[in-house]
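[1] coords please:
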Amino acid sequence: MNRKQDSATQKQPEPVASDKDPLSIFVRLSRVLTGKQTLDPDLSVAYFERAHAQLTTNLDTLLERFVALESSGQDPVGAVRDEIMPDPTLGSAAKVILLLWYIGGIKNVGGDWVMQSADQYYRALVWDAIGAHPPTLSNGYFGHWKYPPES
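    Okay, here's the model as predicted:
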């Protein structure tokens, strides 16, 4: 493999930004909400943009509140659980972020689930959480289903 191909296939680092950058705050909050320390950088950008479009000012308020909780020195997981999730506005916004990460889609105003792309659906965290693959994406050979799953 040549150097150009090698660098193109390497995993890109997560976006590097200041602590005050909204995308950086969104990624830190997403880590707390999902329980995952490593989140895909491309999905981080896509989900931030999608959350911003869906939540508008509620996302800004949520990110500001999260920064305030971080700055207070509280355990971020406990602070989000105790102070953000019970809040009717901030908790709803946080749940939208969770839905983006875990299923790759969100409900729109009409109540329908909107998936941005098949790629985001296939890369949703739910599949790892339940130990399954997305329907239509088995990555198995023909007939693999007749054998017990690998443990």
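
[2] Do you have the helices of the protein handy? List them.
    For the chain, the helices defined by DSSP state H occupy 3-9, 22-34, 41-55, 57-71, 76-79, 88-103, 118-122, 126-130.

[3] Tell me who's in contact with the residue positioned nearest the centre of the chain.
    Geometric centre of the chain, nearest residue: Trp101, 2.9 Å, by Cα atoms, centre = their mean. By Cβ atoms under 8 Å, 6 or more residues apart in numbering, the contact list for Trp101 reads Ser30, Leu33, Thr34, Lys36, Leu39, Leu43, Tyr47, Ala124, Leu125. All C-beta atoms are positioned from the backbone trio N, CA, C, and that covers glycine.

[4] Now the buried members of the residues you listed.
    Using 16 or more other Cβ atoms under 10 Å as the burial test, the contacts of Trp101 include Ser30, Leu33, Thr34, Leu39, Leu43, Tyr47, Ala124, Leu125 as buried.

[5] So the fourth one sits against Leu29, correct?
    No. Judged on Cβ atoms under 8 Å, Leu39 makes no contact with Leu29 at a distance of 10.6 Å.

[6] and stretch 35-48, which residues are buried?
    Neighbour-count burial for stretch 35-48 flags Leu39, Asp40, Pro41, Leu43, Ser44, Ala46, Tyr47, Phe48 (criterion: 16+ other Cβ under 10 Å).

[7] Appreciated, that's everything.
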